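Trainee: need a 3D model of the following:
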Amino acid sequence: MRGTTVLWRLWLIVVVGLVLTAPAHAARFSTVIIDPGHGGKDKGAYWGGVRESHLNLKVATKLESLLKRRGIRTVMTRRSDVFVSLPRRAQIANRYRHAVFVSIHFNASTNTAIKGAETYYWGNTGRMIAGAIQRRLPARCQVRNRGIRRHGFTVLVQTRCPAVLVECGFISNSRERMRCSTQWYQETAARAIYDALMACR
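Mentor: Presented below is the predicted three-dimensional model:
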């Protein structure tokens, strides 16, 4: 009987160890809600003739294409230069089960020396996805890694599914703005976000 008890305890330790050391999956999703930030009357940041809302849509469209090729259902909160309110974006996302929400943005600051990429999240699963994005996006786009940050943006706190908001670079920095405007940068950013999502699936 004592031997059985010892074996049982050993088995329990092994099982618990496997659970604790198993890789954590950020989300089990079948749908990706892609949110190109701003649009229409809300142009977002505007520097040196570059409109953030246009860049957001370009990266979002490229991300959608990558996901569709993988057979993953996508939903865009906008497909053209139109205004969509923040609560409306969250409402669109909340229609779907087993989804994740990715809001695409470019950053700006009155301090034009600031540059780099960062990702915001709200819940724990969002934090995992944000971390996966930040492990790829800055390195591949060759920009400063500004890390992940918890923030109560409307599209994050009103969205029931795991959600992140990605700032792909600073268009207020002249050099970074030029790079963000290139097709290479937009494709690289979209691919980094895509790979991060696949790693979390």
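Trainee: wait, what's in contact with the closest residue to residue 195 other than its chain neighbours?
Mentor: Nearest residue to residue 195 in three dimensions, chain neighbours excluded: residue 136, at 5.7 Å (C-beta to C-beta, 6 or more residues apart in numbering). C-beta here means a position set from N, CA and C on the backbone, and glycine is covered the same way. Residues in contact with residue 136 (C-beta atoms under 8 Å, 6 or more residues apart in numbering) are 192, 193, 195, 196.
Trainee: where along the chain do the helices fall?
Mentor: 2-21, 52-69, 86-93, 124-134, 137-141, 154-157, 174-180, 183-200 (DSSP state H).
Trainee: of these, which is nearest residue 36?
Mentor: helix 52-69 (3.9 Å; C-beta to C-beta).
Trainee: which elements pack onto that closest one?
Mentor: strand 31-36, strand 73-76, strand 99-107, helix 183-200 (3 or more C-beta pairs under 8 Å, 6 or more residues apart in numbering; DSSP states H and E).
Trainee: one step back: switch the helices of the chain over to CSV; also include distance to residue 80 and mean pLDDT.
Mentor: Formatted as CSV, the helices of the chain follow (distance: least, C-beta to C-beta, whole Å; pLDDT from 0 to 100):
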stretch, distance to residue 80, mean pLDDT
helix 2-21, 47, 42
helix 52-69, 8, 98
helix 86-93, 15, 98
helix 124-134, 25, 97
helix 137-141, 25, 98
helix 154-157, 19, 98
helix 174-180, 20, 98
helix 183-200, 17, 98
